[in-house]
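Asks: structure for this input, please:
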Amino acid sequence: MKRYLLFMLMVALVSGSIGLAASKPQADAKTAKQDTTQSKQQNVERTGDDVFQANCGRCHRPPMSISQRTTGTIIMHMRARARLSREDEILLLKFMAP
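Replies: Below is the predicted model of the structure:
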């Protein structure tokens, strides 16, 4: 009886993992489609000011003058907190410390 239950458990686990593996390509196709849509939306020209207002402006005012070195450090730190992309980081650096 124990062998039968163990066998059925193994069959259920294997069939479940096969089902997950079969559904994975569909999920990847959906993700790829979403990535394409997002990249089309990102083709719109954005400036550092736009990025600042959309992300940083919620909590901060634009600084009047900060050295480039300090600005780079601040942006690298806040990039992780605000989940900014590398492109956004570059635009912000150009905006805040030209």
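Asks: contacts for the helix or strand hosting residue 90, please.
Replies: Counting by DSSP states H and E, the element that carries residue 90 is helix 86-96. Contact with helix 86-96 is made by 42, 46-52, 55-56, 62-63, 66, 71-72, 75-76, 79, 84, as judged by CB atoms under 8 Å, 6 or more residues apart in numbering. C-beta here means a position set from N, CA and C on the backbone, and glycine is covered the same way.
Asks: same check, this time on stretch 52-60
Replies: 62, 78, 82, 84, 88, 92, 95-96.
Asks: just the strands in this structure please.
Replies: Taking DSSP state E to define them, one finds no strands in the chain.
Asks: give me the low-pLDDT residue ranges for it?
Replies: Along the chain, segments meeting pLDDT under 70 span 2, 5-6, 9, 13-44.
Asks: still on that earlier bit, just the buried residues out of the contacts of helix 86-96, in ChimeraX syntax.
Replies: Here is the ChimeraX command that selects only those of these that count as buried (16 or more other CB atoms under 10 Å):
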select :48,51,52,55,56,71,72,75,79,84
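Asks: brilliant, that's me finished.
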